[in-house]
Every structure is written in structure tokens, then in C-alpha cells.
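# Everything below, folded, please.
(4 chains)
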Number of protein chains: 2
Amino acid sequence: MARGEKRPVTVRTIAEHVGVSTAAVSTVLANRHEERRLAPATVEKIRAAVRELGYVPNVAARRLRAHDPEVNHHELGILTTFEAPLFLVSRVLRQVQRMADARTGPGRRFSVSIDMFHAGRLREMPGLLSASRFNGVIVTNTLPEDDAFLAATALPYAVVVLGRRLPNHCCVLDTPGEIGRRAAEILLKADSRHPVVLTPALLTQSTAERAEAFVAAVRGQEGRDSARVIAAGFTPAAGAEALRAHLGAGLDCDGVFAVTDGLALGAYQAIKDAGKGIPRDIAVVGVGDHEHADFFDPPLTCVGPSNEAIVEQAVAQLFQLMGQRRGKASEIFVPPSVVRRASA
Amino acid sequence: MARGEKRPVTVRTIAEHVGVSTAAVSTVLANRHEERRLAPATVEKIRAAVRELGYVPNVAARRLRAHDPEVNHHELGILTTFEAPLFLVSRVLRQVQRMADARTGPGRRFSVSIDMFHAGRLREMPGLLSASRFNGVIVTNTLPEDDAFLAATALPYAVVVLGRRLPNHCCVLDTPGEIGRRAAEILLKADSRHPVVLTPALLTQSTAERAEAFVAAVRGQEGRDSARVIAAGFTPAAGAEALRAHLGAGLDCDGVFAVTDGLALGAYQAIKDAGKGIPRDIAVVGVGDHEHADFFDPPLTCVGPSNEAIVEQAVAQLFQLMGQRRGKASEIFVPPSVVRRASA
DNA sequence: GCTTGAACCTAAAACGATTTAGCATTTTCG
DNA sequence: CGAAAATGCTAAATCGTTTTAGGTTCAAGC
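You can find the predicted model right below:
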């Protein structure tokens, strides 16, 4: 990493240190000293200085300099947290790629990157506010802190928010409350009298909403609250342990709505360990956030966000926003997808 | 996307078009026209021109301008294909971020992102050759074309290649051939006499290597080649169909090495459908590239790349390379991780 | 002694955006 | 009416790098 403590090191620093011009330094850095006939001794001195001073090239400057005025470059970002799973992000990525490829040509290029922030600290992301990183972004998996930040800020470029409802932004999300409602409907129609909802202790906004809506729907139909089974985390292991405890305590349970497929997988294990059948004794409904939910044993019935549709909408919005200048706020609701499989 | 066909549009184009200075245009673009007291009529004219001309800001220029000379900025990239899963790269990202955070201070900042290229077209990635995008990169999921490109090019910044063996580069990968060898060992020791290897039709370099080494190891031990069961794709569905066909044809099979956990999941289904037991009738070994391999039913025994170790090594190499100036070539082999579970 | 050419190096102009300092006007107000 | 303040805008500097078009010196050739 070298010293560089005192001053930032630029080509100019090096040039002064050696006693040559910046042109000479640049020539050496680009390894063009042969064709430009710099004296070997000079080259060596410059190289030594570069090493000694710990020079780090400024990529922004290089990029600007290397820029070809004939093509304009669109920098697209997919912003998510370090903590969240990448299931949705990878779908977004592919859809962005598809749209970008279709629009690429001479004179127009796209770069797509995934940038991660620490949950709740979106505001600290360098270049977000100064608009010096992206021409357009899709933001997802935000925490309330991040939402507050976004709501309070009008970013001067195209922004699409995925899965959250924010004033002054273009938002694409599944119809609020609908997932929990439909999940309850499926379990109740399958004659579950004591459906429970399996959630992690720390709820995200979406999981909280699913659980709320589920409980509300059961209350509306059955007239009483369904039990909440709280897992320590969102891993299968945590889900298994929580449900095992619930069943072990002899509490009623003939239906499980897991707000995450990972938890559903844990539920499967707990149910099987208890010697019960799925869905014979206990029906299970997941949300379809696991790649291979159709390969669980038995295949998992899911009521969850219709990811294809959401992603398609979001990406379409992004490109539309980049086309016109004004970032109009809008809310787009996508109804959940219901996939009946064997588990309920 | 607007016209912009004829000329590249910059703030200057807009300024000339409206008849104001670039300062005025910039002010409007940054939404600072209130505090800088531009006349509303002017603001509207500028906005109209911005829209009409299809202006796209140049992020490199913005970044350069926004640059604070007191801090030097390191741009780190994790390069992967659009097509590859994000499982490994997200681990890399997390590890890079961890190291970067530890080195961040006043005067030193890092940006880390996952950047996408089209498989086989790494060379087309803008800024790679001109060194105008990254101060250091970790490259993964390359195709042979990409490897050829890398082998022929000496990029003038820190490069670590993950999972491939390239001359003149710093490479980190799992010990060649070891995965297939260990997988064969496990199946044979479990008294499998007719182990098969389940692969997708289109092999990646790693999957091809695993299959080769497996076949070679079985041949070495048993004196004859093990069957290859070829699936149409790498999805569970494809794996299930392929193995079903193999079993249906009455061919011998009492052990499966699936070069991908997705295929293993498919194998599970085919085996269960055939009324056989795992591992009683057919043992299965996967590679551990699935997040929840320990929650398959039965939990999947895996011999696969030791991702933690590989990632840790690769990231450590990246930072070391960035510290010293000269990029030395090196090869680092990481032995596979073996996780015995219930399936073999 | 003068020209020519090689060898080695530099000044300055880009690249595209933002901001600071300041210049004209016009309005306000004592 | 004249000074002060507000209004609306611009010129020019700046960020760090690369490259083009030369400029100087020195040695060789006539």
C-alpha cells in the first residue's frame, strides 16, 4: 500500500520528484517509452519514483481522457445490501442485460454493475449523491433507514426502487398485503384450522408485511389470531428449530406459512422429524424466493412476489426514465404469483 | 432514448442550443437553480433542451470533478459473466469489502463492485485495456476465449484470476483434478461398483475437469470407465430426466457424482421416482455449490471447491498485488473441501 | 562551418463537468 | 435622487491524465 500519507500522489508529484515533465511520467506508465524514445536512465528513475511514492492512478481522469466523444456511455447500477440474498438481483441483472443489449450499438454502450451497501447505510455510498457513478440505478433490499434517505433525496438521475413504496420515486412492488392474504386463503381452503406463520425474529419490510397480512386475513375469516412461530434467523436450521419447539410443546398446528422459503425448508425437516406428513398433517406454503422450491420434497406451494413481472416492470421503468429526463414518481403494483404444488 | 444521432451531447451542446453558459446548464442539471437564482424561464428552456437533445451525463467527468485531492480512491472490480450464478462472486465481494473497510481511512477510500461481461467477450469490456476503470480486479467464470485474451495481455494493474490457471497471472484455484478424485474415492469406498458421473451437455471448465478426474480415478481403481450421464442443462429438471433415462434403460448405477448440486437435486428425484433409496441403493455425491445442500433430503455429501479458502486467498493476493507495483505471476492451489453427510 | 537527423524531452491542449468569483442590470428604500 | 441590495447570468479555473506538435541539444556528414 506504500506511504502516501502526507500528499496525494499524482503524475505531477512524480514528475516533480524526478525532475521531468508529466508527459514523460505518463509515457512510462503506459509502457510507451520505447517508441517515444525516453532514455533508459530516465525510465528507471521514473519507475523508482512511482514505486517509492505509492502512486495510484485516478481512473476517473483516465476514463475521461480515454473517452470517445462518438459513443455515449450509460452506467447502470443494481444496488443491494451485502446481507440480502441475490435471487432477485440476479434476475434484475439478466433483464437489464437483455434490455441493454437490445439498445447497444455504435454510439451507445452500457455497463452494468452490482454495487452493495451495508443495510441501512445506503447514504454512505460514494458517488450516489454526486451522481458521479451512475446514469441509472435499481435499488432493492433497502431498510427503513435507507428508505428515509431516499424519500428525502431527489437523486438527479434515473432511480427505480424495487419492493418499497416511496414518495417521489418510481417504485415497483407487489400489491401490498396480497401475499399474506392469498397464503391464508390457500391454507384455510385446505381445511387448516390452526395455521401458523413462521417468521425470523428480525423481520424485513416484506416479511413483516406478509406476516401481518396473513394474520389479519386469518382473523378476518376465523375470528382469532393465528400463532406466530419466531425463528432465530432466516436459515433452514433456525426455522426447523423454531417449529420443532412449537410442535414439541404440543401446540396446535396444521398449516404453516413460511415468509421465506429457507424457513419452509426448515419447517419440512421439523415436520418430518415429528413423524408427520406434508400436506396430510401439516400443509406448508412458502413464498417462492428459493431457486429450487419446485424440487423440495414435496414440491413447495408458493404465494409470493411475481418476480418475473416485477423485474420486467422495474427494468422497463428504468430505461423509460433514462429516456425522458424528468424522473416522475409512480407506483406500480404487481399481483402475487400463486403456484400450487404438493405441499398445500 | 431520444435522438442524439448526429453529435454527442454535452453540457456545452445544450448551452449553445439555448444560448446560455455551461454554468447555467450545470446549475439546472444539479437542481441548484433556486439557490443560484436562475430565472424560471431560463430553467425551463434548459430543461426542454436537455430533454430534446437526449443528454446523458458523462460520469467520468463528474467523478473527476467531484474528486477530493486529499483522498485517493481505489476502484476494485469483481469481473464475472452475466450468465454465471452470483453465489461465488458475492462471497468475493463481501471479502473484498471486509479487507477494504479495514484499510479505509482519511486519505484512502475504496469502491467495490461486481461488473459484468458477456461470456467469452471479456476483451470487449470497456476500460479494461486502457486501465481506465479499475485499480485492481478479480476475474472469475471466464471462458477459454477470455483466458486466451488474458494470457496474451499484461494488464497494467492488479489482476487475480479465480478458478483458472493462466501463465503470467496471479491465479487462485482448487487443486486440479482433486475434486473428481476425492469424489470417486468416496463412492468406491462406499462399495459402489458402478458409479456414474452426471454432467450437463455443455461443460464449463470446472465441471469438465471434475468429470475427467472422476472418470480417470475410477478407471485407475476399477480398471474400466464409469458411465457418463449427460443432462440437457444444469437444472434439476434436466438432471432428473437424464438419470431417469439411464435407470429406465436398465443400466447399472449404484453411485452418482453430480458435477453440480442442481443436477444432484434432479438425481434425487429420479432415484426416488425409481423407488430406490439414497444412499442404500444409490449413493450421491455433489459439489456443494448449492446454498442449502445440507437441507436436501437426505443431506448431500459434497466434495467441492473450498470456496471460503479460495476467496480468502484470492482477495489477499489482490491486496498484496496492489501494495507492491510489479504484478508477479503465481499459482495458488487450494485443496477441496469434503463434507460427509447422509447421501454417500 | 552548415545542414541534417537522431535522441530526448516538454508545453499545452484536450476530455466534460462543476463551482467560485464577479460583472451587469434592475429594484428597493431612505 | 443616489446608494445599497437583489437578480440573473458568465468567465475561467479546476479535477488528473494522455497525446500532439514541437523544441533543444548533440553528433555525423558534406
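
# Surely A:Gln269 is within a helix?
Yes - secondary structure assignment places A:Gln269 in a helix (DSSP: H, G, I helix; E, B strand; the rest coil).

# contacting residues around it?
A:Pro236, A:Ala240, B:Phe295 (C-beta atoms under 8 Å, 6 or more residues apart in numbering or on different chains). (Each C-beta comes from the backbone N, C-alpha and C, glycine too.)

# Tell me, how many residues neighbour the first one?
To tie it back to what came earlier, the one meant is A:Pro236. If you count neighbours by other C-beta atoms under 10 Å in any protein chain shown, A:Pro236 ends up with 25.

# separation between it and A:Phe296?
11 Å (C-beta to C-beta, to the nearest Å).

# do the last one as well
Relative to A:Phe296, B:Phe295 is positioned 9 Å away (C-beta to C-beta).

# Which of these two has more residues huddled nearby?
Neighbours were counted for B:Phe295 and for A:Phe296 using other C-beta under 10 Å; A:Phe296 has more, 26 against 20.

# per-residue pLDDT, the more buried one?
We have a pLDDT of 92 for A:Phe296.

# My read is that it contacts A:Leu265, right?
Yes - look at A:Phe296 against A:Leu265 with C-beta atoms under 8 Å: they come within range, at 6.5 Å.

# any common contacting residues for the two?
Residues touching both A:Phe296 and A:Leu265 (C-beta under 8 Å, 6+ apart) are A:His290.

# So what's the gap between stretch A:36-44 and the chain middle?
Distance of stretch A:36-44 from its chain centroid, counting by C-alpha atoms, centre = their mean, to the nearest Å, is 49 Å.

# close to DNA strand C, is it?
Yes - using C-beta under 7 Å from any atom of the strand, stretch A:36-44 reaches DNA strand C at A:Arg36, A:Arg37, A:Leu38, A:Ala39, A:Ala41, A:Thr42.

# what does that stretch contact?
Residues outside stretch A:36-44 that contact it (C-beta under 8 Å, 6+ apart): A:Val18, A:Val20, A:Ala24, A:Thr27, A:Val28, A:His33.

# Can you tell me which of those residues lies closest to A:Ile114?
Nearest to A:Ile114 out of the contacts of stretch A:36-44 is A:Val28 (C-beta to C-beta; 34.9 Å).

# and that closest one, what is it in contact with?
Shown in contact with A:Val28 (C-beta under 8 Å, 6+ apart): A:Leu38, A:Val43, A:Ile46, A:Arg47, A:Val50.

# ok, now how distant is A:Arg108 from A:Arg63?
17 Å.

# A:Arg165 is in contact with A:Asp174, isn't it?
No - look at A:Arg165 against A:Asp174 with C-beta under 8 Å: they stay out of range, at 10.6 Å.

# neighbour-wise, which of these two wins?
Set side by side, A:Arg165 and A:Asp174 show more neighbours around A:Asp174, with 22 against 15, by other C-beta under 10 Å.

# Identify the bridge partners of that one.
Judged by DSSP bridges, the bridge partners of A:Asp174 are A:Val334.

# can you pull the contacts of it?
Contact partners of A:Asp174, counting by C-beta under 8 Å, 6+ apart, are A:Gly163, A:Pro305, A:Ser306, A:Ile310, A:Phe333, A:Val334, A:Pro335, A:Pro336.

# Name the member of the residues you listed with the shortest distance to A:Val137.
A:Gly163 (14.2 Å).

# give me every residue that touches the nearest residue to that closest one once chain neighbours are set aside.
Distances taken as C-beta to C-beta, 6 or more residues apart in numbering or on different chains place A:Leu173 nearest to A:Gly163, at 4.9 Å, with adjacent residues excluded. Counting by C-beta under 8 Å, 6+ apart, A:Leu173 touches A:Leu162, A:Gly163, A:Arg164, A:Arg165, A:Pro305, A:Ile310, A:Glu331, A:Ile332, A:Phe333, A:Val334.

# Look up how far A:Leu166 lies from A:Leu173.
Counting by C-beta to C-beta, the gap from A:Leu173 to A:Leu166 is 10 Å.

# just A:Ile332 next, same as before
12 Å.

# which one of these two has more residues nearby?
A:Leu166 (20 against 15).

# Identify the residues contacting the more buried one.
A:Asp147, A:Leu150, A:Ala151.

# The last one is in what secondary structure piece?
I take that to be A:Ala151. A:Ala151 belongs to helix A:144-152 when assigned by DSSP states H and E.

# could you turn that helix into CSV, dropping everything but the C-alphas?
Output in CSV follows, covering the C-alpha atoms of helix A:144-152 (Å, rounded to 0.1, in the frame of the first residue of the first chain):
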residue,chain,number,x,y,z
PRO,A,144,-36.3,1.8,6.6
GLU,A,145,-33.2,4.0,7.2
ASP,A,146,-32.4,3.7,3.5
ASP,A,147,-35.9,4.4,2.5
ALA,A,148,-35.9,7.5,4.7
PHE,A,149,-32.8,8.7,3.0
LEU,A,150,-34.2,8.0,-0.5
ALA,A,151,-37.5,9.7,0.4
ALA,A,152,-35.7,12.8,1.5
